[in-house]
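Chemist: Take this sequence and fold it.
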Amino acid sequence: MAGCQPLRTDVWNTGAHARAYPHPMHASALVTTLTAAIASVATFGTSLAQGAVTYRSKTCGQAASGSITLATPAGTASGDVMVASVAYAGVSGSTSAPSGWTQVPNLKASFGANQELITYYRVLSAAPAANYTFTGGSGADVASASLASFRGVDTTSPIDGTPAQTIVSSLATSGNFPNSTGVAAGSMRYSAIGIDDGSTTTMGSGLTTLCVEDNESGSDASIGTAYESTGVGTTATRGFTLDDNGHLGLQTFILAPMPCAQGGLNLTAPSTVSFGSHTLTGSN
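Modeler: Next comes the predicted model:
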């Protein structure tokens, strides 16, 4: 789980008045307060700012074929993490991740007669392409997709906790998304639903809708995606309703926030600060 390092203690020795004061090792800002007195201390404080994942923009679409191309969401830039969820119908062969994309662990759902819901992510180490294409396995004749960009994600370890997936094999018109583990402060919860029918998804309380694609072409494969920027992880249940019943693939995972920026004050021993006739000698 991403986060800041614990406090370190630096010792300032003023003879009989030696005392220890906490000093955060990682910081985003530095404030130095020095009180000129024989028993005074040098306190090096910081303002710690935990990073947070934020939503940037999205692109949604559907196709009457097993391949779909989506334009890169507006404003997407190097350092962002993109998330793509794609629902296919008519799939009879294996679907592979497009070049440069990584399947989110555990999030490949086969449901209905021959439908698939797969969620991928891509860390942008350079400017994005103008668009991206996603193609289902052999036999795929329908595709619905959601492509969203997020900033502030930990680009080294983007996924926090263990992603969760549920297959609903009986016809349903409502339900709850599975709860993924991962509760880092500042994280982002992402959920996707695939439906083997033409159906519109209405997201429940707490979720912000990204894409809803009611695709009734070919074998039918509809999709709905949403996010929640509270980092609630496993602590809340989020639901949905459909305007028609269907067999479902449900997915949830957590995007981890970027760790706190490293910085702060480095002291070398010995280090001294003088106040008139008084000298503080520091060690760290």
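Chemist: contacts, neighbours, all on C-alpha from now
Modeler: Fine.
Chemist: mind saving the C-alpha coords of stretch 175-195 as PDB?
Modeler: Below are the C-alpha coordinates for stretch 175-195, written out as PDB (Å, rounded to 0.1, in the frame of the first residue of the first chain):
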ATOM      1  CA  GLY A 175     -27.000  -6.600  -8.000                       C
ATOM      2  CA  ASN A 176     -23.800  -5.500  -6.300                       C
ATOM      3  CA  PHE A 177     -20.200  -5.200  -7.600                       C
ATOM      4  CA  PRO A 178     -17.700  -7.400  -5.800                       C
ATOM      5  CA  ASN A 179     -15.500  -5.700  -3.200                       C
ATOM      6  CA  SER A 180     -11.800  -5.600  -4.100                       C
ATOM      7  CA  THR A 181      -9.200  -5.500  -1.300                       C
ATOM      8  CA  GLY A 182      -7.100  -2.400  -1.100                       C
ATOM      9  CA  VAL A 183      -7.900   0.700   1.000                       C
ATOM     10  CA  ALA A 184      -5.000   3.100   0.600                       C
ATOM     11  CA  ALA A 185      -5.900   6.700   1.400                       C
ATOM     12  CA  GLY A 186      -6.300   8.600  -1.900                       C
ATOM     13  CA  SER A 187      -7.000   5.500  -4.000                       C
ATOM     14  CA  MET A 188      -9.600   5.100  -6.700                       C
ATOM     15  CA  ARG A 189     -12.200   2.300  -7.000                       C
ATOM     16  CA  TYR A 190     -13.000   1.200 -10.500                       C
ATOM     17  CA  SER A 191     -15.900  -1.100 -11.400                       C
ATOM     18  CA  ALA A 192     -17.200  -2.600 -14.700                       C
ATOM     19  CA  ILE A 193     -20.200  -4.700 -15.700                       C
ATOM     20  CA  GLY A 194     -20.600  -6.800 -18.900                       C
ATOM     21  CA  ILE A 195     -24.100  -7.900 -19.900                       C
END
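Chemist: to the chain's geometric centre, what's the distance from it?
Modeler: Offset of stretch 175-195 from its chain centre (C-alpha atoms, centre = their mean, to the nearest Å): 10 Å.
Chemist: How about stretch 157-164?
Modeler: Distance, stretch centre to chain centre, for stretch 157-164: 8 Å (C-alpha atoms, centre = their mean).
Chemist: Go through that stretch and flag the buried ones.
Modeler: Using 16 or more other C-alpha atoms under 10 Å as the test for burial, stretch 157-164 gives 158-161, 163-164.
Chemist: cool, stretch 51-67 as well?
Modeler: Buried residues in stretch 51-67, defined by neighbour count with 16+ other C-alpha under 10 Å: 51-67.
Chemist: got a list of what the residue sitting nearest the centre point of the chain touches?
Modeler: Nearest to the geometric centre of the chain sits L255, at 1.7 Å (C-alpha atoms, centre = their mean). L255 makes contact with 53, 153-154, 158-160, 187-190, according to C-alpha atoms under 8 Å, 6 or more residues apart in numbering.
Chemist: And it, how close does it get to L147?
Modeler: Separation of L255 from L147 (C-alpha to C-alpha, to the nearest Å): 15 Å.
Chemist: where does the protein have low pLDDT?
Modeler: For the chain, the stretches with pLDDT under 70 are 1-50, 230-235, 261-284.
Chemist: Surely P73 touches G61?
Modeler: No - counting by C-alpha atoms under 8 Å, P73 sits too far from G61 to count as a contact (11.9 Å).
Chemist: Could you pull out the residues contacting both of the two?
Modeler: In terms of C-alpha under 8 Å, 6+ apart, P73 and G61 are not both contacted by any residue.
Chemist: All set now, cheers.
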